[in-house]
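In: The following comprises the amino acid sequence and a computationally predicted model.
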Amino acid sequence: MTIPGEFISVRANGLDFEVLSAGEGDRLALCLHGFPEHALSWRHQIPLLVSLGYRVWAPNLRGYGNTTRPPNVDDYTIAKLLDDVTALIDASTATSVTLIGHDWGGALCWFYAMRPARPVERLVIMNVPHPKLFNKALRSSWRQRLRSWYMLFFQLPRLPEWALGRDHARSIGEMFRRSATDPSRFGDDIIAVYRDQASRPGALGAMINWYRAARRGRPAHARAPTPRIEIPTLMLWGEADTALGKETTYGTGAYVSDLRLHYLPGVSHWVQQDAPERVNELLGAFLAPAGVRAAQAT
């Protein structure tokens, strides 16, 4: 596997972030991964973003990779995770920021875009619904509750870490290949990255603490006002997602003023890794400079 950049260390919000960095300039594309992923989940998109003139930072988020792993559940609240995003933007000194997120990283993008602490030029969300729609689905849909069973399992102490960590985190590797619609996209090299990361001391506890902290804070988030997002937003959705139903996307336009939503049939939850060519085509069309977009349309 070719690594599309170099790993650097960035001090932000009191933590040391391991960041996969590529390109240069003042236009930052900040790519936020999900569970149980790694900065390298963006390996197919980073060269495209660089070609579009972005400096790309794909951090291993709090608790992942070689990034600092705070020990307590309360270290992983949404508020602290959003503070990480702001601190990374500040550390980059960029003058323009595009946020791109998948799964948990996409959830952070949704929350950040509702009340951006720093200006965001464009927003890209992959396979995670708007938080209000997800909470609605959990309340009203038994089908989505069954799909989200693992979130309840993750509330148990120690057992999830033991179950996922056995045999050098073999279950983590199986998770990708079993749920992907194109398992060939997940070669032994990238699976080794995911398994090695999860096998580090304290890593699985940190990764699962995202879910524990979110469940503790969900009632407050459910009651909070939901500002309409005014940032131009691209939403990509692999329809073969086994964890999140397509119906959780219905009604997203009520919360986003400028939304482009594309469904990708036959593509799994791991959309940017499972179908990188199609994702990059849509991503490039959305992020290309206005002059280039106009030329492509004629």
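Out: Everything's here; your move.
In: When you work out contacts or count neighbours from here on, use the C-alpha atoms and nothing else.
Out: Will do.
In: Please, where are all the helices along this structure?
Out: In the chain, helices defined by DSSP state H lie at 46-51, 78-92, 104-114, 131-140, 142-147, 149-153, 159-179, 188-198, 203-223, 271-274, 276-287, 290-297, listed in chain order.
In: Pull out the buried residues from the first one.
Out: Within helix 46-51, the residues scored as buried using 16 or more other CA atoms under 10 Å are 46, 47, 48, 49, 50.
In: give the contact list for the second one.
Out: To tie it back to what came earlier, the one meant is residue 47. residue 4 (CA atoms under 8 Å, 6 or more residues apart in numbering).
In: cutoff 10 Å now
Out: Contact analysis of residue 47 by CA atoms under 10 Å, 6 or more residues apart in numbering lists 4, 5, 22, 23, 54, 56, 280.
In: now swap in the first one and tell me
Out: Residues in contact with residue 46, defined by CA under 10 Å, 6+ apart, are 3-5, 20-23, 29, 31, 40, 52, 54-58, 280.
In: quick revisit: ok, which of the helices of the chain comes nearest residue 248?
Out: Among the helices of the chain, helix 131-140 comes nearest to residue 248, with 5.9 Å by CA to CA.
In: May I have that closest one as CSV, with CA atoms only?
Out: What follows is helix 131-140, C-alpha atoms only, in CSV (Å, rounded to 0.1, in the frame of the first residue of the first chain):
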residue,chain,number,x,y,z
PRO,A,131,-28.0,13.7,14.2
LYS,A,132,-31.7,14.7,14.4
LEU,A,133,-32.7,12.2,11.9
PHE,A,134,-30.7,9.4,13.5
ASN,A,135,-32.2,10.1,16.9
LYS,A,136,-35.6,10.1,15.3
ALA,A,137,-34.9,6.7,13.7
LEU,A,138,-33.7,5.2,17.0
ARG,A,139,-37.0,6.3,18.6
SER,A,140,-39.4,5.2,15.8
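In: gap between it and the chain center?
Out: On the basis of CA atoms, centre = their mean, to the nearest Å, helix 131-140 sits 19 Å off its chain's mean C-alpha point.
In: who touches it?
Out: 107-108, 110-111, 128-130, 141, 143-148, 218-219, 221-226, 244-245, 247-252, 255.
In: Any chance of a ChimeraX selection covering the buried ones in these?
Out: Selection command for ChimeraX covering only the buried members of these, criterion 16+ other CA under 10 Å:
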select :107,108,110,111,128,129,130,144,145,147,221,244,245,248,249,252,255
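In: coming back round to it: any chance of the helices of the chain in a markdown table, plus mean pLDDT and distance to residue 231?
Out: A markdown table is the format used below for those (pLDDT from 0 to 100; distance: least, CA to CA, whole Å):
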| stretch | mean pLDDT | distance to residue 231 |
| --- | --- | --- |
| helix 46-51 | 98 | 19 |
| helix 78-92 | 98 | 17 |
| helix 104-114 | 98 | 7 |
| helix 131-140 | 94 | 16 |
| helix 142-147 | 94 | 28 |
| helix 149-153 | 95 | 30 |
| helix 159-179 | 97 | 31 |
| helix 188-198 | 98 | 32 |
| helix 203-223 | 85 | 21 |
| helix 271-274 | 98 | 22 |
| helix 276-287 | 98 | 13 |
| helix 290-297 | 42 | 16 |
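In: Sweet, I'm off.
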